[in-house]
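Engineer: quick one, fold the following:
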Amino acid sequence: MKFKNVTEAKKKLISAIEKHHEAALAGDHKKGNKNSDIILSTLDFIDKNYGFEEMKDLLDHKNEKVRVWVAKSLLPIYEDIAITILEEIGKKNIPHCSFDARIILSEWKNEPLKFS
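Structural biologist: Below you'll find the model as predicted:
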């Protein structure tokens, strides 16, 4: 996947994350998988051509699922900020989002996941 600039890539990333989340909520695995592929290839493009630092502004995005995907990508660079965002979202009850945030944190901290 190629883009003219990082802004175009970020727009595609946001769109694919939103569609992926909608698909997960609807149980549409085909649409979810398609958008997951778009997300991963777009993230790869951003990383190789601009660096993940260019996504820091998306940590303030209105869509919590976008924030989760971006925070996960930025953990190695902005660990404190990313952890704070993932903890905040993990405490909420957002389907297919809050649990993902808790899993990412658990994996990052190398701790067993707690279900209580």
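Engineer: retrieve the pLDDT associated with the closest residue to residue 61 other than its chain neighbours.
Structural biologist: Of all residues not flanking residue 61 in the chain, residue 67 sits nearest, at 5.6 Å (C-beta to C-beta, 6 or more residues apart in numbering). For every residue, glycine as well, the C-beta is placed using N, CA and C. If you check residue 67, the pLDDT there is 98.
Engineer: and residue 67, how many neighbours?
Structural biologist: Using other C-beta atoms under 10 Å, residue 67 has 22 neighbouring residues.
Engineer: that one sits in which helix or strand?
Structural biologist: Assigned by DSSP states H and E, residue 67 falls within helix 64-74.
Engineer: buried sites along that helix?
Structural biologist: Buried positions in helix 64-74, judged by neighbour count with 16 or more other C-beta atoms under 10 Å: 64, 65, 66, 67, 68, 69, 70, 71, 72, 73, 74.
Engineer: got it, and stretch 24-32?
Structural biologist: Within stretch 24-32, the residues that qualify as buried are 24, 32, counting by 16+ other C-beta under 10 Å.
Engineer: can I get it in CSV, CA atoms only?
Structural biologist: This file holds the C-alpha atoms of stretch 24-32, laid out as CSV (Å, rounded to 0.1, in the frame of the first residue of the first chain):
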residue,chain,number,x,y,z
ALA,A,24,-16.3,-6.9,15.0
LEU,A,25,-19.4,-5.5,16.6
ALA,A,26,-21.6,-6.9,13.8
GLY,A,27,-19.8,-10.3,13.7
ASP,A,28,-18.7,-9.7,10.1
HIS,A,29,-15.4,-11.5,10.1
LYS,A,30,-14.8,-11.2,6.4
LYS,A,31,-15.0,-7.4,6.6
GLY,A,32,-13.0,-7.4,9.8
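Engineer: list the contacts of the residue positioned nearest the centre of the chain.
Structural biologist: Most central in the chain under C-alpha atoms, centre = their mean is residue 69, positioned 0.7 Å from the mean C-alpha point. Applying C-beta atoms under 8 Å, 6 or more residues apart in numbering, we find residue 69 in contact with 13, 17, 39, 43.
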